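Participant: Below are the sequence and a predicted model for it; my questions follow.
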Amino acid sequence: MKFIVDFHIHSKYSRATSRDMDLENLDKWAKIKGINVLGTGDFTHPLWLKELKTKLEPAEPGLFKLRRVNKIKLNNGWHLTNNSENGAPELRYILTSELSCIYSKKNKTRKVHLMIFAPSFEVVEKFNAHLGWIGNLKADGRPILGIDAKELAKIALNISPEVLVVPAHAWTPHFSVFGSASGFDSIRECFDDYARYISVIETGLSSDPAMNWRLSALDNITLISNSDSHSPHRIGREANIFEGKIQGYKQIIEALRLGARAPQSLANRLVETIEFFPEEGKYHYDGHRNCKVVFDPQETKKHKGKCPVCGRPLTIGVMSRVDQLADRKSGEKPVKIISYKSLIPLEEILGEAMNLGVGTKGVEKEYKELINKFGNEFKILLEVSYQELEHNCGPELAEAIKRVREGKVDIEPGYDGEYGRIKIFDEGEIKRFSKQASLL
Ligand SMILES: [Zn+2]
Ligand SMILES: [Zn+2]
Ligand SMILES: [Zn+2]
């Protein structure tokens, strides 16, 4: 048995998030996506924590589920089945949060985002009480604290050794452990003697496992992937696939800590991650958004890291940064790895196959019909056969999904905060499809 987990999301109490980021909508969208375990996000926020405590009830040890009274009717055309048909129980929640540490170390300003996983509400409360002395937890679901990342790890681990501390989106330029602008060159440099407690990092949307494999320093670090979503329909855009039955917090954490080194006999094992094509992420290449300058690592080197339009230093993206720190060539990898699949969200694939924008009524309608037909998005993207897709939704969509599965897509890389742009079909193909559609 397998189950899919997205550990990193933000509630409606975080800045720039959808008002729909509440438990009822998350529960509904997790079903639509095919997610089995979801991080609560934002457990440091008093109002969100209150909501979590009143609306969730205990499930397996250290995991939670939505109380029945809080389940909303899945009306407006969704016919969602419970995940129980593949043996998985209804959605489980795991207590997670993210904090932004902004501080100075070795004469440089550092900005590092850390995820904290907690085994119980008691641990969360102790942790929050401690942090309340350091910063204002009410200000944001992902609060900013003027504290060294190492100190934060120390506080969390002193409260409970079951806590897991995970550097978030480890490569983004401005807010991460390896970030080009305000990060470090190694986990050791950031966490000193606490580095031995850092066994997991989140690769983030702009990097994929293959890029991380180029650093032998990460060979014993488990690479995970999460959506970091700010709205319900984007949860699961990156995720983690575990093997085994959902048994509790402890088993999931153990699987994360051991990663590719986990013995077959372990209750749960992380077996695969679901990734964006890293080029689609907002910080894959280098550049300046306002100057419309986008460079690959070689071009950046040629220009000595300076923008040819405004003359200021370029925002150095993930690809260049990995290049700087890597000790393996592109394509090389460690002995033990966890494999991954690169996917594109179904709404984007539909937008392309139907030659319509992602947020349009047409795409929305088709999306809903497909979910109602096949059960959930992950099933469609990962499992449903080509023949079945072709039979039910026509050759364009079947072909589009096939190309995504095979990685045969064309992407203009993202840079300096601008998402990359995906093309599955070329112009000629799109014209041919719309001609066929208008004939029908
Ligand atoms: Zn973050
Ligand atoms: Zn986040
Ligand atoms: Zn510029």
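Facilitator: Yep, it's here. Being a predicted model, the structure only gives us computed values, none of them experimental. Residues are numbered from 1 along each chain as shown. Ligands and ions are numbered 1, 2, ... in the order given.

Participant: for the protein, which spans come out with low pLDDT?
Facilitator: Where the chain drops to pLDDT under 70, the residues are 71-75, 81-89, 433-440.

Participant: can you give me the helices in it?
Facilitator: 23-33, 46-55, 121-132, 149-159, 187-191, 209-212, 249-258, 297-302, 318-325, 346-353, 361-374, 377-378, 386-406, 427-439 (DSSP state H).

Participant: measure stretch 254-273 end to end?
Facilitator: Start-to-end span of stretch 254-273 (C-alpha to C-alpha, to the nearest Å) is 16 Å.

Participant: got the buried residues for it?
Facilitator: By 16 or more other C-beta atoms under 10 Å, the buried positions in stretch 254-273 come out as 255-256, 258-260, 262, 267-273. Glycine gets a C-beta too; all of them are placed from N, C-alpha and C.

Participant: Mind picking the two most distant members of those?
Facilitator: The largest separation in those, counting by C-beta to C-beta, is between Ala267 and Thr273 at 19.2 Å.

Participant: that older thread, want to throw the helices of the chain into CSV with distance to ligand 2?
Facilitator: Shown next, in CSV, are these (distance: least, C-beta to the ion, whole Å):
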stretch, distance to ligand 2
helix 23-33, 15
helix 46-55, 14
helix 121-132, 17
helix 149-159, 15
helix 187-191, 18
helix 209-212, 19
helix 249-258, 17
helix 297-302, 26
helix 318-325, 16
helix 346-353, 21
helix 361-374, 25
helix 377-378, 21
helix 386-406, 25
helix 427-439, 35
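
Participant: can you redo those helices as JSON lines with distance to Glu243?
Facilitator: JSON lines is the format used below for the helices of the chain (distance: least, C-beta to C-beta, whole Å):
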{"stretch": "helix 23-33", "distance to Glu243": "19"}
{"stretch": "helix 46-55", "distance to Glu243": "28"}
{"stretch": "helix 121-132", "distance to Glu243": "27"}
{"stretch": "helix 149-159", "distance to Glu243": "28"}
{"stretch": "helix 187-191", "distance to Glu243": "27"}
{"stretch": "helix 209-212", "distance to Glu243": "17"}
{"stretch": "helix 249-258", "distance to Glu243": "8"}
{"stretch": "helix 297-302", "distance to Glu243": "36"}
{"stretch": "helix 318-325", "distance to Glu243": "29"}
{"stretch": "helix 346-353", "distance to Glu243": "24"}
{"stretch": "helix 361-374", "distance to Glu243": "22"}
{"stretch": "helix 377-378", "distance to Glu243": "15"}
{"stretch": "helix 386-406", "distance to Glu243": "21"}
{"stretch": "helix 427-439", "distance to Glu243": "38"}
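
Participant: of all those, which lies closest to Pro143?
Facilitator: Short answer: helix 121-132, nearest of these by C-beta to C-beta, at 7.5 Å.

Participant: So the residue of the chain found nearest ligand 1 versus Ala195, what's the distance?
Facilitator: At 3.6 Å from ligand 1, His113 is the closest residue in the chain, using C-beta to the ion. From His113 across to Ala195, the span is 17 Å (C-beta to C-beta, to the nearest Å).

Participant: neighbour-wise, which of these two wins?
Facilitator: His113 (27 against 15; other C-beta atoms under 10 Å).

Participant: now that one: how far from ligand 3?
Facilitator: Distance, His113 to ligand 3, by C-beta to the ion, to the nearest Å: 25 Å.

Participant: Now do the contacts for that residue.
Facilitator: Applying C-beta atoms under 8 Å, 6 or more residues apart in numbering, we find His113 in contact with 98-101, 142, 167-169, 175-176.

Participant: let's see it at 10 Å
Facilitator: 8, 98-102, 142, 144, 149, 166-170, 172, 174-177, 179, 202, 204, 228 (C-beta atoms under 10 Å, 6 or more residues apart in numbering).

Participant: count of residues packed around the closest residue in space to Phe425 that isn't next to it in sequence?
Facilitator: Take Phe425 and drop its neighbours on the chain: the residue closest to it by C-beta to C-beta, 6 or more residues apart in numbering is Glu352, 6.3 Å away. Residues near Glu352, counting by other C-beta under 10 Å, number 25.

Participant: just checking, Glu352 touches Ile411?
Facilitator: No: contact criterion C-beta atoms under 10 Å: Glu352 and Ile411 do not qualify, at 11.9 Å.

Participant: I figured Val124 hits Leu49, correct?
Facilitator: Yes: between Val124 and Leu49 a contact is recorded at 6.7 Å, counting by C-beta under 10 Å.

Participant: can you give me the strands for the stretch 151-300 of the chain?
Facilitator: For the stretch 151-300 of the chain, the strands defined by DSSP state E, counting those that start in this stretch occupy 164-167, 200-202, 222-224, 239-243, 269-275, 286-288, 293-295.

Participant: Please report phi then psi for the closest residue in space to Pro61 that isn't next to it in sequence.
Facilitator: Nearest residue to Pro61, sequence neighbours excluded (C-beta to C-beta, 6+ apart): Gly248, at 3.9 Å. Backbone dihedrals for Gly248, given as degrees, to the nearest 10, come out at phi 160, psi 180.

Participant: Would you mind measuring from Gly248 to Asp42?
Facilitator: From Gly248 to Asp42 the distance is 22 Å (C-beta to C-beta).
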